[in-house]
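Peer 1: I would like the atomic coordinates for the input below:
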Amino acid sequence: MKKMNGMKSSPALPRFRFINPIVVLSRIGSRYGIEPETLLEGSGIEPRDLYDPLKRISLAQEKKVAMSLIERAPVPWLGLEVGKEYHFSANGKLGMAAMCCETLLEALLLIMAYSPLTASYHQYVIEVKGDRGMARFHELIDLGNLRRFLCEAEVASLYAMTGALLKQPGAFMELHFAYPQPTYATKYHDYFQCPVCFDAPSHMIVFNMKLLNSPVMMANPLAKQALISDCDMLLPLLKEHETITEKVLQELSIQKEGTPTLEELAKRINLSSRTLRRRLMEEETSYNAIMADIRKKRAIELLTTTRLSMEKVATRLGFSEVSSFYRAFKSWTGSRPNTFRE
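Peer 2: Residues are numbered from 1 along each chain as shown. I've put the predicted structure just below:
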């Protein structure tokens, strides 16, 4: 077990993912009378796409549909409902490969290794101490007002999968969430059947190593290997047709505060700054134009969804002076930030 200590899932999110999460969101929406056409409105995803297993969507599209569901459904604990539905079969061939593993631990490690094929927004780091395993996970991008929903969905999904293989509860010993306790906290206790702590220093799942090493009745090593081969062919599809602009946007989405220089960002995507400028120019944009658009959207989000002071908003957007933020915001929208917020 010691060799597991410090094991990590991917530190970056793919720009695209397969449509599986949207299918689950649509299924939940239908329970509340929300038609797919309504749920998908403005996302660029068509109802017919829900039947195409190779359809790729962007993170922005997925987040838009998730927000559409939250705004239209009448219950606040939707994340838990979505997680219950996002089990092995909802993860496509990766999920089926996990079901063929010999132990639950092997299945979860496989899912970590192929995390770009999942709906995860987090990086996981596993540590083991005796019979207790600890999976700390942190958000790879700023999730904004979707933070609790996406975290709930992800943890509930893991719980659903462990229960499906073990045929019994008890794999989760404790849960820690780094956000405030919601009004429906009893739903957490009813669903997870273990102690739940809110306002924790970090998100963490404490799990029972003995149960995770129990044999799985559906184990099938040959089928697992065949399905893993399929997963290896699916991974490159997520990067197909990815433009340099999309790569830049992906890197910037991981940046929670501050702004990297063009030179720093070029190094992160293994290009020279000169090549990066040229490639962006070929796509009829520039680093400054991309940054301005990101800052504008982020500024509008912070002004409309938080009560942060203008100084803190400016800092989060990477401005060294509030006056610079005011000038930039007026050039983007024609309004001063205070007026826009009001």
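Peer 1: output the below-cut-off pLDDT ranges for this structure.
Peer 2: The chain contains residues with pLDDT under 70 at 1-6, 241, 253-258.
Peer 1: so what are the domain limits for it?
Peer 2: 2-237, 244-341 (automatic domain parsing).
Peer 1: just say which of those domains is most tucked in.
Peer 2: Of all the domains of the chain, domain 2-237 has the most neighbours on average by mean count of other CB atoms under 10 Å, namely a mean of 18. Any C-beta I mention is one placed from the backbone N, CA and C, and that applies to glycine too.
Peer 1: figure out how far that one is from the centre of its chain.
Peer 2: Remark: domain 2-237 is offset 9 Å from the chain centroid, using CA atoms, centre = their mean, to the nearest Å.
Peer 1: just stretch 307-314 next, same as before
Peer 2: Offset of stretch 307-314 from its chain centre (CA atoms, centre = their mean): 26 Å.
Peer 1: contact partners of that stretch?
Peer 2: Outside stretch 307-314, the residues that touch it by CB atoms under 8 Å, 6 or more residues apart in numbering are A299, L302, L303, T306, R316, E321, V322, S324, F325, Y326, P337, N338.
Peer 1: hmm, try it at 10 Å
Peer 2: Residues external to stretch 307-314 that are found in contact with it (CB atoms under 10 Å, 6 or more residues apart in numbering): 298-299, 301-303, 306, 315-316, 319-326, 328-329, 336-338, 341.
Peer 1: likewise stretch 207-216?
Peer 2: With contacts defined as CB under 10 Å, 6+ apart, stretch 207-216 is touched by 1, 4, 98-109, 126, 128-135, 158, 162, 164-175, 194.
Peer 1: repeat that with 7 Å
Peer 2: 1, 101-105, 128, 131-133, 135, 165-166, 170-173 (CB atoms under 7 Å, 6 or more residues apart in numbering).
Peer 1: among these, which are in helices?
Peer 2: Here DSSP state H is the test, and those give L104, L105, L165, L166 as lying in helices.
Peer 1: P260 versus the third one, what's the distance?
Peer 2: L165 sits 42 Å away from P260, taking CB to CB, to the nearest Å as the criterion.
Peer 1: equivalent analysis for the last one, please.
Peer 2: Using CB to CB, one obtains 44 Å as the distance from L166 to P260.
Peer 1: looking at it, A266 is touching R274, isn't it?
Peer 2: No: between A266 and R274 there is no contact under CB atoms under 7 Å: 8.4 Å.
Peer 1: all strands for the stretch 101-250 of the chain, in order.
Peer 2: For the stretch 101-250 of the chain, applying DSSP state E, counting those that start in this stretch gives strands covering 122-129, 132-139, 172-176, 196-197, 203-208.
Peer 1: quick one: the last one to strand 132-139, angle?
Peer 2: What it means is strand 203-208. 160 degrees (axes from the mean of the first three to the mean of the last three CA atoms, to 10 degrees).
Peer 1: mind exporting the C-alpha coordinates of strand 203-208 to PDB?
Peer 2: C-alpha atoms of strand 203-208 as PDB (Å, rounded to 0.1, in the frame of the first residue of the first chain):
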ATOM      1  CA  HIS A 203     -12.000  18.500   0.100                       C
ATOM      2  CA  MET A 204     -11.200  15.000   1.300                       C
ATOM      3  CA  ILE A 205     -12.600  11.400   1.200                       C
ATOM      4  CA  VAL A 206     -11.500   9.100   4.000                       C
ATOM      5  CA  PHE A 207     -12.000   5.500   2.900                       C
ATOM      6  CA  ASN A 208     -11.700   2.000   4.300                       C
END
